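Enquirer: Fold the following and give me the result.
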Amino acid sequence: MRLVQLSPKPPYPPHDGGAIGNAYFLELWKAAGWEACALVMDTYKHPYDPSYPTPVPLKAVSVNTRPSWWGAFLNLFSTEPYHVMRFRSKAYRESLLALIREFQPDLIQVESPYLTQYLDKLGIPAVYRLHNIEWQIWERHAQKQHQPFKAYLCLQARRIQRYEAKSLLDYMGLLPISEKEAEWAHRAGYKGLMEIFPFGIDIESYPYEEATCEAPPKIGFIGGLDWLPNQEGLVWFLEEVWPHFKRRHPTATLSIAGRNCPRWFYRYADANTHILGQVPDAKAFLRDHEILIVPLFSGSGVRIKLIEAFAMGRAIVATSIAAESLVCTPGEHLLIADTAYGFMDLLSTVYVDENLRRSLSRAARRLAEKHYDRRVLLPQLKAFYARVLGRQL
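Expert: Below is the predicted model of the structure:
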């Protein structure tokens, strides 16, 4: 079988959750023995690095997706989301048509709803990997803004909701990443083939080290620092939670890692708070930090870093939204709190309780082995693609 992946960003280097998710499928396809290639956008926010090795052929097309005040204003006189306009590219469409003529794929998998516009008149079965609900991300983000920006984002969220629901009808199959995304697709009217397919990892590449219970444990956060939900959640934590926690535990340290750290974020750095920016080895960072915080109040989809943290047996304190699409049990696999005091209290408890950290560590690793091991998931993916194509693979 021959597959093409359409993505709004390069999957390599896999620096953030979106890139890791895209790379995951390319590696699964290769493991299955299928021929595959990817057509990706090379953008200001996610530039393509041609020196990075990839498991399958990859073609990058330069697309100017940079938002502008003038473009946002002109979009007010349109009926489509501004995001759709930003990801529209004649060069990308022409490259896709050329790739199809040369590669002759059996199936196309799309990694963003904004790329649905390129499927028109292709005549090739297409699958959409529904790894988050875009309109929900922007609706939640809008609620935290002030006017008139709030009104504009609410308008965009409504447009994206209509566009996203209509886009589903262009696909022969959907791969929602969790029950939440699947339920939304059903409510939106999708009646085609669907298979809930969680993100999976190569468990063996995530060495498990049980919590050492050394005192004091290190606290860490890792994630894209240019992503608005991460910025909002961290600012909340650093302003509403961390000062109170430091008063209770004066020697505690917090390390914050992630790509594209904005300059203004460094104002939170002090003797207890280390702003590292991008780190060379995310697994090493997780290994070195026994406790992981994930404070999110907007966004959608699965937090891949959480799954990686499960696999490495980290003790996790998160908000409900951070864990909403994961198969996990609060209190057993991680700790959940949505208020500043509740978050601080749980973090303080796991910080001082060695037995709790050890229990969370063991349960998290077992969860990753049972639900998020890619070797277990591959047969499920093969069966789904066979249903879409109507033949055995």
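Enquirer: With only the CA atoms kept, save stretch 293-300 in PDB.
Expert: Taking Å, rounded to 0.1, in the frame of the first residue of the first chain, the C-alpha atoms of stretch 293-300 are listed here in PDB:
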ATOM      1  CA  ILE A 293       3.100  19.700  36.100                       C
ATOM      2  CA  VAL A 294       0.600  20.200  33.200                       C
ATOM      3  CA  PRO A 295      -1.500  23.300  33.900                       C
ATOM      4  CA  LEU A 296      -3.900  23.800  30.900                       C
ATOM      5  CA  PHE A 297      -7.200  25.600  30.700                       C
ATOM      6  CA  SER A 298      -7.700  25.700  27.000                       C
ATOM      7  CA  GLY A 299      -6.600  23.600  24.000                       C
ATOM      8  CA  SER A 300      -7.900  20.300  22.900                       C
END
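Enquirer: show me where the stretch 251-393 of the chain has strands.
Expert: Under the criterion DSSP state E, counting those that start in this stretch, the stretch 251-393 of the chain contains strands at 254-257, 273-277, 291-294, 315-318, 335-336.
Enquirer: Show me what the third one packs onto, helices and strands only.
Expert: The one in question is strand 291-294. If you count contacts as 3 or more Cβ pairs under 8 Å, 6 or more residues apart in numbering; DSSP states H and E, strand 291-294 packs onto strand 219-222, helix 304-311, strand 315-318, helix 340-352. For every residue, glycine as well, the C-beta is placed using N, CA and C.
Enquirer: So which of those is nearest Pro14?
Expert: The closest of the helices and strands packed on strand 291-294 to Pro14 is helix 304-311. By Cβ to Cβ, the value is 9.4 Å.
Enquirer: Does anything pack onto the closest one? Which helices or strands?
Expert: In terms of contacts (3+ Cβ pairs under 8 Å, 6+ apart), helix 304-311 is packed against helix 17-31, helix 282-288, strand 291-294, strand 315-318, helix 354-371.
Enquirer: Go again with 10 Å.
Expert: With contacts taken as 3 or more Cβ pairs under 10 Å, 6 or more residues apart in numbering; DSSP states H and E, helix 304-311 sits against helix 17-31, strand 219-222, helix 282-288, strand 291-294, strand 315-318, helix 354-371.
Enquirer: Tell me how far the worst-scoring helix or strand of the chain on mean pLDDT lies from the chain's centre.
Expert: Using mean pLDDT, DSSP states H and E, helix 134-142 stands out as the lowest-scoring helix or strand of the chain, at a mean of 87. How far helix 134-142 lies from its chain's middle: 15 Å, per Cα atoms, centre = their mean, to the nearest Å.
Enquirer: Also stretch 271-286?
Expert: Distance of stretch 271-286 from its chain centroid, counting by Cα atoms, centre = their mean, is 19 Å.
Enquirer: In it, which residues are buried?
Expert: Within stretch 271-286, the residues that count as buried by 16 or more other Cβ atoms under 10 Å are Asn272, Thr273, Ile275, Leu276, Val279, Ala282, Phe285, Leu286.
Enquirer: mind putting those in JSON lines, distance to Leu296 included?
Expert: Output for the buried residues of stretch 271-286, formatted as JSON lines (distance: Cβ to Cβ, whole Å):
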{"residue": "Asn272", "distance to Leu296": "22"}
{"residue": "Thr273", "distance to Leu296": "19"}
{"residue": "Ile275", "distance to Leu296": "19"}
{"residue": "Leu276", "distance to Leu296": "20"}
{"residue": "Val279", "distance to Leu296": "20"}
{"residue": "Ala282", "distance to Leu296": "18"}
{"residue": "Phe285", "distance to Leu296": "18"}
{"residue": "Leu286", "distance to Leu296": "18"}
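Enquirer: which of these lies closest to Arg387?
Expert: Ala282 (34.8 Å).
Enquirer: isn't Lys246 right up against Thr273?
Expert: Yes - assessed by Cβ atoms under 10 Å, Lys246 is found in contact with Thr273 at 8.5 Å.
Enquirer: and for these two, which residues touch both?
Expert: Contact criterion Cβ atoms under 10 Å, 6 or more residues apart in numbering; residues shared by Lys246 and Thr273: Ala252, Thr253, Leu254.
Enquirer: Val110 and Pro125 touch, don't they?
Expert: No - using Cβ under 10 Å as the test, Val110 is too far from Pro125 to be in contact (11.4 Å).
Enquirer: if you count what's nearby, which of those two comes out ahead?
Expert: Remark: of Val110 and Pro125, Val110 carries more neighbours, 23 against 17, as counted by other Cβ atoms under 10 Å.
Enquirer: show me the contacts for the more buried one.
Expert: 4-8, 116, 118-119, 126-130, 167, 170-171.
Enquirer: Leaving out chain neighbours, which residue sits closest to Ile316?
Expert: For Ile316, ignoring the flanking residues on the chain, the nearest one in space by Cβ to Cβ, 6 or more residues apart in numbering is Leu334 at 3.9 Å.
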